[in-house]
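> Sequence and predicted structure, then a few things I'm wondering about:
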Amino acid sequence: MYFLKKMANSTACRHMLAMGILGMLAAMSGCASLIPPAVNAGDSASDLVAKRGHPTHRYRDGNEEIYEYMQGPWGQRTYMARLDATGRVKSFEQVLTSEKFASIEVGKATKDTVLRTIGAPSDTSYLPLRDLEVWSYPYKESNVWNSLMHVHFDRSGVVQQMMNGPDPRFDPDRRLPFAFGGLR
């Protein structure tokens, strides 16, 4: 007991305690910086860039401009800011959702339509037997399941098919074939 009282009164112990408290405060302020400031309707383009940084892509849609912000450790979120003709934010939303995918019309939508609706793909591939280009989008289906949406385009750039399924990057059988009964 005498030893603990002596330590509590020592200068070194007080410095260690102060450093610990400062370290915890720094860590907590670092967590706050991981959550970017909210983007609000009416913000200017410069406000948007100050809050979210430079967009990953920009698109024109008539007299409006769209700023795309691809995010997430697995690329499962893409935010789109739609700016009106005066350069003010009209809307800011996460677009890799089942609802947005459903708004893409098979047989009608083009690559430009898809870019303005859900942004650039995380990956592209080609199916030579069907002569289709495939754009893939990782997303959280219903905000729960790690999924991939594949948008298939013909040579003229028109959507011919859309398919979704589980994201194989999260399949333990494919990552570790020797575990979980993966060898069959």
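In hand now; what should we look at? The shown structure was predicted, so the numbers you read here are calculated from the model rather than taken from an experiment.
> Can you tell me the SS state at the closest residue to Glu93 other than its chain neighbours?
Spatial nearest neighbour of Glu93, chain neighbours left out: Met80 (6.2 Å); criterion: CB to CB, 6 or more residues apart in numbering. Bear in mind the C-beta positions are built from the backbone N, C-alpha and C, glycine included. Three-state call for Met80 (DSSP: H, G, I helix; E, B strand; the rest coil): strand.
> Please name the bridge partners of Met80.
Counting by DSSP bridges, Met80 is bridged to Glu68, Glu93.
> Val89 pairs with what?
In beta-bridge terms (that is, DSSP bridges), Val89 pairs with Leu83.
> wouldn't it be in contact with Ala81 here?
Yes. Using CB atoms under 8 Å, Val89 is in contact with Ala81, at 5.5 Å.
> Could you check which of the two has the larger neighbour count?
Shown here are Val89 and Ala81; by other CB atoms under 10 Å, Ala81 has more neighbours (24 against 20).
> thought that one was touching Glu64?
No. Between Ala81 and Glu64 there is no contact under CB under 8 Å: 10.3 Å.
> Give me the pLDDT value at Leu34.
What the model reports as pLDDT for Leu34 is 70.
> cool, the one 4 residues further on as well?
With respect to pLDDT, Ala38 has a value of 93.
> cool, Gly75 as well?
Predicted confidence (pLDDT) for Gly75: 85.
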